[in-house]
Each structure stands twice: as C-alpha cells, then as structure tokens.
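*Asks:* Here is the input, now give the coordinates:
(2 chains)
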Amino acid sequence: MTDVLVRQATAPAPPSPARRPRRAGRAWLVGRTVLLVIGALVTLFPFYAMVVLSFKPAGPVTFPDSLLPWPFSTEAYDQVIGAKSVLRWMWNTVVYSVVSVVGVLLFASMAGYAFAKKRFPGKEAMFWSFLAMLMVPYHVTMIPTFIVISQLNGVDTYWGMIVPTLANAQAVFLMRQFIASLPDSLFEAARLDGCSEWRVYVSIVLPLIKPILATLGIFVFLWHWNDFLWPLIVGQSLDMRTLTTGIASLQQENVALNMLLAGSVVAFVPIFVAYLIGQRYVTEGVATSGIKG
Amino acid sequence: MRVRKSLSAVAVVLVAALVATGCGGSGSGDSGKKSVTMWIYPVIFDEAKHRAYWDETVKAFQAANPDIEVKAEIFPWANRDQALATAIAGNKGPDVVYLIPDQLPKYVRNIEPVDAYLDEAARSDYLDNVVKAVTIDGKMMGAPVLTSAVTPLCNKKVFEAVGQETYPTSWNDLLEMAPKFKAKGYDMTAYAGDVKQTLNQTFYPLLWQAGGDVFSPDGKSVGFDSDAGRKALGFVKQLVDGGYVDKSLLTSMPPIEQTRIAQNKVGCVWHVVPSELEKFWGKENIKALPYLTGTKQIGYGTVGSLSMLKNAENKEAAGKWIAFASNAENAKKYDLASSFFSAKKSTGALYADDPVLGEQEKQVAISTVGPLHEKARDVQGVLAPEIQAALLGKKSVEQALSDAAKAAGPLLG
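*Replies:* Coordinates of the predicted model:
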C-alpha cells in the first residue's frame, strides 16, 4: 500500500490538460513581449537618433559611432533657441494651435450635430458638397484663400492665420459620423422635456462626444503645431512667425544636420507633451474613427 | 454645469483670439512716412549677425532719408517661391525682394526694372557677366549685391593619402587620376544625380564646359541634345561606370553629413561650397581650383540681387533704398559678412588673403548663372530624370538626351 502510495507520489504525473495550454500561453506571452519590445525599439530608434544627433557637433555621421551620446555639444541648440524672437514664435504657435483647436472643435461639433441629427432641406447636398472639400488639394485653395484674407486686411494678424483653418471638412465629417451613432431617443427625450436646441447641444451632445473631441483636438493641435506653409504666407513679419517658420528663417539653404534635428526636437517636445496628456483618447479615437496622423 | 463652464472657457479663448488680432500685424508704419518692406533670406548664416547687418544699414539709410521707413524681413529659404507668388497674387507682396537669376524670368511680369533707380556710375560699376545675369529684354531686373562661384574643391588630405601631387584642371585629368583614387579606396569625385538637385551645379557646368548650352540661342528649343550634351553626359557616365563616384548619390540626396564627402573619402567636388566642407575637411585641407576645362573653362555662380515689385506703393522710396543697399560700400560689407563675392568692379578683390575664397573669387568673371529662360526650371524637371536614367544604365546617353528634348518640346511651345 505504502509502495503504491510512494509510486504514486514519485511517478511523474501525466501532464494535465490544463497545464499544456498554460505553458503554451506562457511561451506566447514571452514571444509576444519580445516582439513588442523589438517593435518599441524600432519605433523609438528614430526619436533616439534625432535627439542624439541634435546634440552632436557638426561632423560626418557614421554608424554606429554617431549614435553614441558623446561627444556632446549644444551648438545646434544655441543657434536654434538663441534667436531673440524664439519666445514670441513659441507664443504665436500656441495661439495659432490652441485657438484653432477650440474653434475647430466648436464649429465641427455644431455642424456635425446638425448634419447627423437635424432635418432640413438640402442637408445631404450640403453635407456632400462640404465633404467634397476634402478632395480639393490644399495648394489649389491656398492662393484664393490668401486673396480673401488679404482683402479683409487679415495678413500678418492672428485672425487671418486662424480663421481659414476653422472650416475643417474632415473634422465635421468625423463629428457627424460619431454623433450619428448616438441613439435618437436621447434627443427625442430631451425635446419632450422641453429642451431648446442649444440646451440639447450643450447638455446632451457635448458630454457624449468627449472622446472624439479629445481625439480630434489632439490631431488638430498637431496639424497646426507643425503647419508651415500657411503661417509662412500669412505671418509676414518677424513678430508673426510661428516656431516652424521662425526656426526655418534661421537656417541657410543647406542646413546642417544637427541644426535641422535640434529644430525638430524643439518643435517636437510640446506636441509630445500634448500627446502624453491625451494619449488615451488618441488611442481610442484611432481605434474607433480610423484617423491617421 | 461643467459643460456650461467649458463653453464659457471656449468663448473666452475665442474672444481673446479676436482681441489678439489687434496685437498682430505689422501695420502700415508711422503716418507721413513712406514705407518700404524688403524680403530677404538667410544669406548670412548667423541670424543675429544678419539682422544686425540690416538694422545698421536701415538706420544709416533712414538717417539720410528720414521720411522713409524700411522694414527688412528675413524669410526662410524653404517654400520661398510659394510664399512670394501667393503674396504677389494677394497684392501683399513686399516692395523689394532678394531674387537670384533663376527666379527672374518667373516674376518678370511683376518686377519693376531698376535701371531708372541706379545712377550711371552704379550701373557701369557692375561686372559685365553680372549685368547680363539680371538683364531681361535689355532691362536690369534687380540690383546685384553679391555673386558666387561654385568651383571645384579638392580634399588635400585625400590627395596626400592617394599620393597624387597635382590637382585636376580638365576632364582628362580627372579621368586619368580616377583609377589611382579608386585603387586606394577613394572616390575621384561625387556626382549628385538625384532629380531634386539643381542641374545648375551638376550637369550644366559640364555642358557649358563642353561648349554647349541648355537652350538654343533663340530660346525656342533645347540645346542639350547636341554633341556637347552627349560629350558632357558621356563624361559623367565614364566616371560612374568606372566606379569613380559613389553610386548611391545618383538616386538620393542625403544630408552631406551622411556622405563619403563628409567622411573624407572623395577627392574633388564641384557642387558644394567651402563653408559646407570646412567642418568636415578643415579649411586648411580645402584646395579651391579654377573651373575645369572641357572645350572651354566655365562654371556656375549665382548673382543675388534686390528687385522691386511693380506693386510697390512708393517706387521712388523703394528705388532709393535699393540704390543705397546695393551701393559698392554696403554690398562689400554684406559680401564679407556672408562670404560671397562682390558684383562690383570698384571693390576689387575681397579675399586676396584667403587661399580658398580668394581662388574662387578669381573665377567670378567667367562664371555664368545659367539660362535666363522662363521655362528653365521646367526643363530641368524633364532633363534630370533622363540624365539619371542614363547614369543608371537604363538608357543610352543619346537616347536619354533625345527623350529629354522630346519631353521639353511641348514646354517651350
């Protein structure tokens, strides 16, 4: 009996059906982690290279020596952020980006709500006409837009820079799609309770579209922060330059690589911070709306 | 409640933006003063020095012309034509703008000739080829303030390592020396064949050296599909096929830091300026050479000039400013600060003591800016890919030039 018990205790237990999948699951977990780590490193590498090379003195780039953090030099940053007007350019960029984000979100959400939930004659024709704006390349509309802004004396002003960017067809389209997915019963109930249109928009629509507002806000912020051509054309004086156009005006025709990358880092840091703040919404938004940066 | 607060915040931001509108903008200047706005680009590398130069020059001008207010705005090189063309279309262009000859034909309808604003002494003080470079239909479209000469530059360290004691003066020299460089692991030269690279600094100098030109004398057809064109392209192809240049540069245009030029692996180049090479080669290792000779000795050098736009509100004031900023004394200061060369005879040599710039300066008089043709850039657009195809062995030299000529035909009408 004892022998039987000992044999039973020492004999290798047959693999239980539950353990095999667990082992396979662990292998999959390790494999997946390794893959993700590799993917993360590959993704981070350009950013690492950007920062490291921006802190190098001017010189040839050789692999792998140039990817080491030494020799260390801030000469490129001295040139890029040593400009007298850099704070002014930063402020202009913040005004241009933040006000545009607020304006685009406000107008796009209102328009999106109207297109999604309101009934009025010519709604479909208006919507598709508006959407057709997406098909027109920016460079085609740039000169006519500039002429209009110029005739309204908007050149070299904040509003001249901001107002044309507020009519954002892509933002309206995304808002409309999101709001269309909200149940009609909510709006009907609100109306039965005597809510005005404004109240419906403020109390029902806005709270429900927070995720898409956050996602779109981040993307609109990125578009404006990195925008070059329109601010260049409208902001003609030194005081009206944005960060992208201001930094570009410091550079010779053939820009040294370290200076180019230092400029990229300076422009990148604020939007990276903005991304970190709203990354949850960006992830959700990309997953649900299919926006690509 | 929270949403209402948010909306209030939105309203505050938008109102603040509208209020800020009043803060932006350059305005139209003090009442009673004539205003002149000039757009210039980062010609002097150090932004602080560049701004200081124009601040001082404007101050000196305004001391003599207290009724004229001048604003010098430094614009980026990037997208400069889009910014300028858009501003002109919106009637918000500058009064005066820095242009190079390549741009003049495109803007000729918008430019006020400057002949009437420069006195005879100032006009006759310009070098002959400089005047030619800015003259269209017999009128000067800008007042030149600087010139350049993109001559061959050789790396003394590389020549020492190879054991080559003499420097090339002709195409034949290059071809003869090239195997020696190759045997030691160096490139004889570098040919920038990417289609984005301007041909003014790559293929055209060879075309001119072979006795050819981009357009026919009447400008109604192309001139590169000729014996001279075939000779020039054939020469580059010999360099490529022989393995004497880095083939990766035929299809890409990496930053110079990532090329063999920066790694001190190339003997000579003719599309780079000394200031770009100094940090990699060391100024003491740069040997500037006269332009190479094929059938004749010639090379590319640009001319920077101040042009007045037709829409300038105060043409007389703009003319006075152009005359002042481009006079020999001011232009000389500008040239010295930017390491460019003088467009004037009266200034004499500016870099006699500088072994590199001094040698290049000697070539200014035989430099050319390339064709002053309205379609010059468009023709480059169809020729560059054909040159690349020939160098990559996808087409013969003859076929490539012939195809480029056919593609250019409709452009020229």
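*Asks:* in which helix or strand would I find residue 172?
*Replies:* Chain wasn't specified; assuming chain A. Taking DSSP states H and E as the criterion, residue A:172 maps to helix A:169-180.
*Asks:* not what I meant, chain B
*Replies:* helix B:171-183.
*Asks:* Show me what that helix is packed up against.
*Replies:* For helix B:171-183, the packing partners by 3 or more C-beta pairs under 8 Å, 6 or more residues apart in numbering or on different chains; DSSP states H and E come out as helix B:156-162, strand B:187-189, helix B:227-241, strand B:266-269. C-beta here means a position set from N, CA and C on the backbone, and glycine is covered the same way.
*Asks:* what's the closest of the ones you listed to chain A?
*Replies:* Chain A lies closest to strand B:266-269 among those, at 11.4 Å (C-beta to the nearest C-beta).
*Asks:* quick one: contacts of the helix holding residue A:172?
*Replies:* For helix A:169-180, the surrounding residues in contact (C-beta atoms under 8 Å, 6 or more residues apart in numbering or on different chains) are A:104-105, A:107-109, A:111-113, A:115-117, A:127, A:130-131, A:133-134, A:205, A:208-209, A:212, A:216, A:220, A:288-289, A:291.
*Asks:* next one: stretch A:181-198
*Replies:* A:116, A:117, A:199, A:200, A:203, A:204, A:205, A:208.
*Asks:* gap between the two ends of that stretch?
*Replies:* Stretch A:181-198 has an end-to-end distance of 20 Å (C-alpha to C-alpha, to the nearest Å).
*Asks:* how close does residue A:78 get to chain B?
*Replies:* 11 Å (C-beta to the nearest C-beta, to the nearest Å).
*Asks:* can you check residue A:40 too?
*Replies:* Distance, residue A:40 to chain B, using C-beta to the nearest C-beta: 25 Å.
*Asks:* one step back: okay, the helices and strands packed on helix B:171-183 in CSV with mean neighbour count, mean pLDDT and distance to chain A next?
*Replies:* Formatted as CSV, the helices and strands packed on helix B:171-183 follow (neighbours: other C-beta atoms under 10 Å in any protein chain shown; pLDDT from 0 to 100; distance: least, C-beta to the nearest C-beta, whole Å):
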stretch, mean neighbour count, mean pLDDT, distance to chain A
helix B:156-162, 16, 96, 13
strand B:187-189, 24, 96, 14
helix B:227-241, 20, 96, 22
strand B:266-269, 25, 96, 11
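*Asks:* any chance of those in CSV, with distance to residue A:37 too?
*Replies:* Shown next, in CSV, are the helices and strands packed on helix B:171-183 (distance: least, C-beta to C-beta, whole Å):
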stretch, distance to residue A:37
helix B:156-162, 43
strand B:187-189, 40
helix B:227-241, 43
strand B:266-269, 40
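*Asks:* re earlier: now do the buried residues in the helix holding residue A:172.
*Replies:* A:169, A:170, A:171, A:172, A:173, A:174, A:175, A:176, A:177, A:178, A:179 (16 or more other C-beta atoms under 10 Å in any protein chain shown).
*Asks:* buried set for the next helix or strand after it?
*Replies:* Using DSSP H and E, the helix or strand that follows helix A:169-180 towards the C-terminus is helix A:184-192. Using 16+ other C-beta under 10 Å as the test for burial, helix A:184-192 gives A:187, A:190.
*Asks:* how far off helix A:169-180 does helix A:184-192 point, in degrees?
*Replies:* Helix A:184-192 and helix A:169-180 are oriented at 80 degrees to each other (axes from the mean of the first three to the mean of the last three C-alpha atoms, to 10 degrees).
*Asks:* Mean confidence (pLDDT) on helix A:184-192, please.
*Replies:* Over the span of helix A:184-192, the pLDDT mean works out to 88.
*Asks:* Straight-line length of stretch B:163-176, end to end?
*Replies:* 14 Å.
*Asks:* Wait, residue A:221 touches residue A:101, no?
*Replies:* Yes - counting by C-beta atoms under 8 Å, residue A:221 touches residue A:101, with 5.0 Å between them.
*Asks:* quick one, which of the two is more surrounded?
*Replies:* Taking other C-beta atoms under 10 Å in any protein chain shown, residue A:221 and residue A:101 do not tie; residue A:101 has more neighbours (24 against 21).
*Asks:* confidence score at the more buried one?
*Replies:* pLDDT, residue A:101: 94.
*Asks:* ok, now residue B:10?
*Replies:* pLDDT, residue B:10: 50.
*Asks:* same deal with the one 4 residues further on?
*Replies:* According to the model's per-residue confidence, residue B:14 sits at a pLDDT of 51.
*Asks:* And for the one 5 residues further on?
*Replies:* Reported pLDDT at residue B:19 in the predicted model: 46.
*Asks:* nearest spatial neighbour of residue B:199, skipping sequence neighbours?
*Replies:* Counting by C-beta to C-beta, 6 or more residues apart in numbering or on different chains, residue B:199 lies nearest to residue B:380, which is 5.0 Å off, once chain neighbours are set aside.
*Asks:* tell me, how many neighbours does that neighbour end up with?
*Replies:* Residue B:380: 23 neighbours (other C-beta under 10 Å).
*Asks:* Give me the three-state assignment for it.
*Replies:* Here residue B:380 is recorded as helix under DSSP: H, G, I helix; E, B strand; the rest coil.
*Asks:* Return the entry from the contacts of stretch A:181-198 with the maximum number of neighbours.
*Replies:* Within these, neighbour counts (other C-beta under 10 Å) peak at residue A:205, which reaches 23 neighbours.
*Asks:* got the buried residues of helix A:169-180 as TSV, with distance to residue B:359 and pLDDT columns?
*Replies:* Below are these laid out as TSV (distance: C-beta to C-beta, whole Å; pLDDT from 0 to 100):
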residue	distance to residue B:359	pLDDT
A:169	58	89
A:170	56	89
A:171	58	92
A:172	62	92
A:173	61	91
A:174	61	91
A:175	64	92
A:176	67	92
A:177	66	91
A:178	67	91
A:179	70	92
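*Asks:* list the buried ones in the helix holding residue B:172?
*Replies:* Within helix B:171-183, the residues scored as buried using 16+ other C-beta under 10 Å are B:171, B:174, B:175, B:177, B:178, B:181, B:182.
*Asks:* give the contact list for residue A:227.
*Replies:* Counting by C-beta under 8 Å, 6+ apart, residue A:227 has contacts A:96, A:165, A:242, A:244.
*Asks:* Could you list the low-pLDDT ranges of the stretch 151-300 of chain B?
*Replies:* Along the stretch 151-300 of chain B, no part satisfies pLDDT under 70.
*Asks:* Residue of it closest to chain A, please.
*Replies:* Relative to chain A, the nearest point of the stretch 151-300 of chain B is residue B:262 (3.6 Å; C-beta to the nearest C-beta).
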